[in-house]
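Trainee: sharing a model prediction with you, sequence too.
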Amino acid sequence: MNEYNVEIENTFRACRVANDSGEITAAIVDMSLEQLCHGEVVVRVHYSSVNYKDALAVTGRGKILRRFPLNAGIDLSGVVMSSTDTRFQEADEVLVTGCGLGESHDGGFSEIARVPADWVVPLPRGLSLYQAMLLGTAGFTAALAIDRLEQNGQQAGQGAVVVTGASGGVGSVALDLLSARGYEVVAMTRKSGATDYLQQLGADRVMSYDSVLGDSRPLRSAQWAGAIDNVGGQVLAGLMSATQPWGNIASIGMAAGIRCDATVMPFILRGVSVLGVSSANCPMPRRQHVWQRLVTDLRPSRLSAIVAGEITLEDVPSACEQLLQGEHHGRYVVNMAV
């Protein structure tokens with residue numbers, strides 16, 4: 001058993017988001033355990049991380065939160081303080097990502113969290129609490145996308161795999177994981193100054209979106225064996241039209257919009273597959289399988305390069321603003337112990 005202080009304090013701090021007649025505000029507040037959403041497992045949070053969804057929630061620029069007030073933060077790692085579920089014991093190291101955390105249930109930007117036992121993943125052996133949040137939802141989503149691709153026959157050596165939104169959290173980790181697996185990796189980004197960073201993560205080439213947005217033909221010369229798409233919209237349509245026969249596209253995000261004006265020709269004439277990736281509601285058996293891959297055959301090799309910075313709970317609102325403004329690459333890890 002790990003040696004941790006598991007005594008529950010009377011009060012603790014959290015980044016809580018409120019809605020006052022339509023005005024969304026976030027503040028660091030003192031709370032008690034009784035104010036938290038119900039759950040079987042109480043966790044002393046050691047680390048969290050700042051995701052794009054968190055930034056939208058904290059700033060009020062996206063309709064992420066489904067109830068108010070609510071503690072933001074879709075990720076956490078920490079130590080069990082108490083549990084009424086026998087699967088977890090005091091001092092167990094655990095993590096939670098997605099599942100409604102920080103959306104409909106009080107989230108990880110809090111020194112103490114209380115969560116349903118069915119959401120909790122035992123920390124895989126070989127992964128620290130800090131590393132778990134350096135990966136967080138972004139790393140888990142990237143690994144889940146690769147797991148989906150490979151389950152559908154994707155292999156290194158079939159040709160280049162393109163990653164859109166490559167300088168973001170999911171994209172950054174995806175580059176690292178794919179490169180470590182031996183894939184030829186193409187990073188696609190709108191950030192002209194990100195080339196060195198993306199190559200450091202394993203990108204063999206860096207491209208702009210001109211190659212997928214400049215041609216609206218339903219079928220074009222096949223360029224990619226596969227893709228991990230964080231962008232959606234017409235970028236996804238462009239990827240579909242230029243994917244090799246029997247190639248796969250893992251669809252993760254919709255930063256460019258929810259509409260994709262495409263035809264069925266890539267599916268029918270080339271056998272291209274578009275695979276949906278929903279990390280928030282991933283079933284627990286697969287969730288545990290993917291986390292286990294992250295410490296075995298999908299273990300990242302360049303995690304230190306992905307760190308944008310380690311911040312405190314008080315820094316979360318400003319970090320969310322910076323993320324939305326595109327002022328950094330990589331991942332912010334929130335240290336709850338300082």
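Mentor: That came through, no problem.
Trainee: tell me which helix or strand of the chain sits lowest on mean pLDDT?
Mentor: Least confident helix or strand, the chain: helix 210-213 with a mean of 82, by mean pLDDT, DSSP states H and E.
Trainee: list the buried residues of that one.
Mentor: The neighbour-count check on helix 210-213 (16 or more other Cβ atoms under 10 Å) flags 211-212 as buried. (C-beta placed from N, C-alpha, C; glycine too.)
Trainee: now stretch 211-221
Mentor: By neighbour count on 16+ other Cβ under 10 Å, the buried set for stretch 211-221 is 211-212, 220.
Trainee: just give me the neighbour total for residue 115.
Mentor: For residue 115, the neighbour count with other Cβ atoms under 10 Å is 25.
Trainee: now do residue 164 against residue 70, distance only.
Mentor: Per Cβ to Cβ, to the nearest Å, residue 164 is found 31 Å from residue 70.
Trainee: of those two, who's got more company?
Mentor: The residue with more neighbours, out of residue 164 and residue 70, is residue 164; 31 against 22, by other Cβ under 10 Å.
Trainee: ok, now which ones touch that one?
Mentor: If you count contacts by Cβ atoms under 8 Å, 6 or more residues apart in numbering, residue 164 has them with 171, 188-189, 209, 227-231, 235, 239.
Trainee: now those in CSV, with secondary structure and neighbour count?
Mentor: Output for the contacts of residue 164, formatted as CSV (DSSP: H, G, I helix; E, B strand; the rest coil; neighbours: other Cβ atoms under 10 Å):
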residue, secondary structure, neighbour count
171, helix, 29
188, strand, 28
189, coil, 24
209, coil, 17
227, strand, 31
228, strand, 33
229, strand, 30
230, coil, 31
231, coil, 26
235, helix, 24
239, helix, 29
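Trainee: show me which of the residues you listed is closest to residue 277.
Mentor: In terms of Cβ to Cβ, no member of the contacts of residue 164 lies closer to residue 277 than residue 228, at 8.3 Å.
Trainee: just list whatever residues bridge to the closest one.
Mentor: Beta-bridge pairing for residue 228 (DSSP bridges): residue 163, residue 250.
Trainee: for the least confident helix or strand of the chain, packing partners?
Mentor: helix 233-241 (3 or more Cβ pairs under 8 Å, 6 or more residues apart in numbering; DSSP states H and E).
Trainee: again, only using 10 Å
Mentor: strand 161-164, strand 185-188, strand 224-229, helix 233-241 (3 or more Cβ pairs under 10 Å, 6 or more residues apart in numbering; DSSP states H and E).
Trainee: quick one: the ones you listed as a markdown table, columns for distance to residue 60 and mean pLDDT too.
Mentor: As requested, the helices and strands packed on helix 210-213 are exported to a markdown table (distance: least, Cβ to Cβ, whole Å; pLDDT from 0 to 100):
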| stretch | distance to residue 60 | mean pLDDT |
| --- | --- | --- |
| strand 161-164 | 27 | 98 |
| strand 185-188 | 29 | 97 |
| strand 224-229 | 27 | 97 |
| helix 233-241 | 23 | 94 |
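Trainee: would CSV of these with distance to residue 260 be doable?
Mentor: Below are the helices and strands packed on helix 210-213 laid out as CSV (distance: least, Cβ to Cβ, whole Å):
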stretch, distance to residue 260
strand 161-164, 13
strand 185-188, 16
strand 224-229, 10
helix 233-241, 5
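Trainee: what residues does the least confident helix or strand of the chain touch?
Mentor: 162, 164, 186, 188, 220, 223-224, 227, 229, 231, 233-242, 256 (Cβ atoms under 10 Å, 6 or more residues apart in numbering).
Trainee: and with 7 Å instead?
Mentor: 234-235, 238-239, 242 (Cβ atoms under 7 Å, 6 or more residues apart in numbering).
Trainee: got any ranges where the stretch 1-150 of the chain has weak pLDDT?
Mentor: The model of the stretch 1-150 of the chain has pLDDT under 70 over residues 1-9.
Trainee: strands of that one, residue ranges please.
Mentor: 12-20, 23-31, 41-50, 70-71, 75-83, 93-97, 112-115, 121-122 (DSSP state E, counting those that start in this stretch).
Trainee: could I get those in CSV, plus columns for distance to residue 195?
Mentor: Shown next, in CSV, are these (distance: least, Cβ to Cβ, whole Å):
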stretch, distance to residue 195
strand 12-20, 34
strand 23-31, 34
strand 41-50, 24
strand 70-71, 37
strand 75-83, 28
strand 93-97, 30
strand 112-115, 39
strand 121-122, 35
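Trainee: got the CA positions of the helix ranked longest in the chain in CSV?
Mentor: For the chain, the helix that runs over the most residues, judged by DSSP state H, is helix 129-151. Extracted C-alpha coordinates of helix 129-151, given in CSV (Å, rounded to 0.1, in the frame of the first residue of the first chain):
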residue,chain,number,x,y,z
LEU,A,129,0.0,10.1,-11.2
TYR,A,130,1.8,13.0,-13.0
GLN,A,131,2.3,11.1,-16.2
ALA,A,132,-1.3,10.0,-16.2
MET,A,133,-2.4,13.6,-16.4
LEU,A,134,0.3,14.6,-18.8
LEU,A,135,-1.6,12.1,-21.0
GLY,A,136,-5.1,12.7,-19.6
THR,A,137,-8.1,12.7,-22.0
ALA,A,138,-5.8,13.9,-24.8
GLY,A,139,-3.4,11.0,-24.6
PHE,A,140,-6.2,8.5,-24.0
THR,A,141,-8.1,9.8,-27.0
ALA,A,142,-5.0,9.6,-29.2
ALA,A,143,-4.3,6.0,-28.0
LEU,A,144,-8.0,5.1,-28.5
ALA,A,145,-7.9,6.4,-32.1
ILE,A,146,-4.8,4.3,-32.8
ASP,A,147,-6.4,1.3,-31.2
ARG,A,148,-9.5,1.8,-33.5
LEU,A,149,-7.3,2.2,-36.6
GLU,A,150,-5.3,-1.0,-35.8
GLN,A,151,-8.3,-3.0,-34.9
